[in-house]
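I need the structure of the sequence given here:
(one chain, ligands or ions: 1)
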Amino acid sequence: MSPKLIDLNFQNEKVVMRVDFNVPLDANFEITDDSRIRAAIPSIQHILKSGGAVIIMSHLGRPKNGPEDAFSLKHITKRVSDLLSVHVEFACDCIGEEAVSKAAQLQAGSVLVLENLRFYKEETKGDIDFARKLADLGTFYVNDAFGTAHREHASTAVIAQFFPNKKSFGMLMAAEIENAEKVMKSPQRPLTAIVGGAKVSDKILIVENLLNVADNIIVGGGMAYTFFKSQGGQIGGSLCEEDRLETCVEIMKKAEAKGVKIHLPVDSIMADAFKADAQTANAPSDAISDNWMGLDIGAEAISHFKSILLNSKTILWNGPMGVFEMEAFEKGTKAVAEAVAEATKMGAFSLIGGGDSAAAVYKFGYENSVSYVSTGGGALLEYFEGKELPGIAAINR
Ligand code: AMP
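The predicted model follows:
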């Protein structure tokens, strides 16, 4: 394990720091949500205060073919400067003459933002020469971009080899890893994983891996109906992945063999159409007639899930229980968020996976009532699938 950034002294160091400043911009290139920038500020401040300088590397958006003004990191430089209360320099390229000379002139306590890394295909290809050029700009490497930790890109993984004893996780990345490990490596039991969302196929690897660690797995959302169908249930027009029926049967068998309890929602709120003002009714989840579809878990399922959660000591949540974007089908997700918050109050550790589950927790106002809301969507999923994340491995190596 690498040393903690907070324990390091950066006197005379020029830190090349990979961050995730992939923030949303409006039509006037104004930042509409700067939380990703804010998340990196503590690490940058520590480096500056302990005598170092910071060279910031990030991607922004999905540029297709080289530089595009819409994806320039110049749009975010002022916000970085405002949040740090220091002057921030910008280099119109992430490698090349200007980047080299601005990096060389950078004084202790100062910050340089490099242009979008993804203006070069070499970045996502993990090109070693490109990584070396980035590395040559500084003397120390910090990775604080958990959102891209599952990518073996030049700036997220390949670059680390040029800093054998001079590399570290940023504070955000360290917190993400520490919290994920609380679930995966040293959970207080019982450990309950809640898995929801649309598709079995997206969550299959995570469920299979969780069978090795969890005591309970609660399955909700659209993916639950493929499970019901695989057990012979009637699910009407609910979401179903025919090619995953066998997988569901296998998972149920494996769970039984391993002594892991899989909990499916006994009842559902069904609708006669996929729309906010559809007609709704309650039904057992395995007896939904043809013209109806399950769009949320029902009242009985809510109280069943709640009792499991209130008896859990560690909770991992990834994926909503229903179509929570529509008020008519938000109740299940909201009730689960409330139960996770209540369990947390009673001493459980709760980790909310990024993406839709994080969005739901914010929507219902429980973000401060759970233990940790992860910022990583794909990266967190891959971690819980049991994969080694290149961005983590490169620092630990
Ligand atoms: P995912 O990205 O796989 O976590 O899926 C999240 C999406 O699944 C959300 O947009 C939900 O609206 C959707 N979802 C959840 N439950 C259902 C359901 N019963 N039927 C259709 N879509 C659902």
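
in stretch 251-260, what counts as buried?
Buried residues in stretch 251-260, counted by 16 or more other CB atoms under 10 Å: 251, 255, 260. Heads up, the C-betas are built off the backbone N, CA and C, glycines and all.

Which residues of the stretch 101-250 of the chain lie near the ligand?
197, 198, 199, 202, 221, 222, 239 (CB under 6 Å from any ligand atom).

Can you get me a residue count around the nearest residue to the last one once chain neighbours are set aside?
To tie it back to what came earlier, the one meant is residue 239. Leaving aside its chain neighbours, residue 239 sits nearest to residue 222 (3.6 Å; criterion: CB to CB, 6 or more residues apart in numbering). By other CB atoms under 10 Å, 23 other residues sit near residue 222.

Residue 222 contacts residue 195, doesn't it?
No - between residue 222 and residue 195 no contact is recorded; they are 11.5 Å apart, counting by CB atoms under 8 Å.

circling back to that earlier point, just the residues of the stretch 101-250 of the chain next to the ligand: which are in helices?
residue 202 (DSSP state H).

Show me which of the residues of the stretch 101-250 of the chain next to the ligand are buried.
197, 198, 221, 222, 239.

can I get those in CSV with pLDDT and distance to residue 60?
Below are those laid out as CSV (pLDDT from 0 to 100; distance: CB to CB, whole Å):
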residue, pLDDT, distance to residue 60
197, 94, 27
198, 92, 28
221, 97, 31
222, 97, 32
239, 97, 34
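
now, the most widely separated pair of the residues you listed?
197 and 239 (10.0 Å; CB to CB).

shared neighbours of the two, anything?
Listed contacts common to residue 197 and residue 239 are 222, 223; contacts here mean CB atoms under 8 Å, 6 or more residues apart in numbering.

nearest residue to the closest residue to the ligand within the stretch 151-300 of the chain other than its sequence neighbours?
Relative to the ligand, the nearest point of the stretch 151-300 of the chain is residue 197 (2.5 Å; CB to the nearest ligand atom). Of all residues not flanking residue 197 in the chain, residue 319 sits nearest, at 3.1 Å (CB to CB, 6+ apart).

Cross-check the contact I'm expecting between that neighbour and residue 220.
Yes - using CB under 8 Å, residue 319 makes contact with residue 220 at a distance of 7.4 Å.

These two: which has the busier surroundings?
residue 220 (28 against 25).

dump the residue contacts of the more buried one.
Applying CB under 8 Å, 6+ apart, the residues near residue 220 are 194-196, 265, 297, 301, 305, 319-322, 332, 336.

next one: residue 177
Shown in contact with residue 177 (CB under 8 Å, 6+ apart): 146, 169, 392.

burial count for the first one?
By other CB under 10 Å, the residues close to residue 146 number 30.

likewise the last one?
Counted with other CB under 10 Å, the neighbours of residue 392 add up to 23.

Once you drop chain neighbours, what's closest to it?
Of all residues not flanking residue 392 in the chain, residue 149 sits nearest, at 5.7 Å (CB to CB, 6+ apart).

Quick check: the gap between that neighbour and the ligand.
19 Å (CB to the nearest ligand atom, to the nearest Å).

Please verify my assumption that that residue contacts residue 169.
No - the pair residue 149 and residue 169 does not pass the contact test of CB under 8 Å, sitting 9.4 Å apart.

Between these two, which contacts overlap?
143, 392.

Contact partners for residue 46?
Going by CB under 8 Å, 6+ apart, residue 46 touches 5, 6, 10, 171.

Tabulate the buried residues of stretch 251-260 in a markdown table, adding columns for secondary structure and distance to residue 270.
Shown next, in a markdown table, are those (DSSP: H, G, I helix; E, B strand; the rest coil; distance: CB to CB, whole Å):
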| residue | secondary structure | distance to residue 270 |
| --- | --- | --- |
| 251 | helix | 24 |
| 255 | helix | 26 |
| 260 | coil | 28 |
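
nearest to residue 210, of these?
Of the buried residues of stretch 251-260, the one sitting nearest to residue 210 (CB to CB) turns out to be residue 260, at 7.9 Å.

returning to what we had before: overlap of the contact sets of residue 319 and residue 220?
194, 195, 196.

Just these: which are in strands?
With strands taken from DSSP state E, the overlap with those comprises 194, 195.

May I ask which of the shared contacts of residue 319 and residue 220 has the most neighbours?
Busiest of the shared contacts of residue 319 and residue 220 [other CB under 10 Å] is residue 194, holding 30 neighbours.

In this model residue 320 seems to touch that residue, though I could be wrong.
No - counting by CB under 8 Å, residue 194 stays clear of residue 320, with 9.6 Å between them.

burial count for residue 22?
Neighbour tally, residue 22, other CB under 10 Å: 19.

what about it, which SS state?
Three-state assignment for residue 22 (DSSP: H, G, I helix; E, B strand; the rest coil): coil.

mind checking which helix or strand the closest residue to it other than its chain neighbours is in?
Leaving aside its chain neighbours, residue 22 sits nearest to residue 60 (5.4 Å; criterion: CB to CB, 6+ apart). Using DSSP states H and E, residue 60 falls within no helix or strand.

residues in contact with residue 60?
21, 22, 23, 71, 72, 73, 75, 76, 116, 118.

repeat that with 10 Å
Contacts of residue 60 were listed using CB atoms under 10 Å, 6 or more residues apart in numbering, and they are 20-25, 68, 70-76, 115-119.
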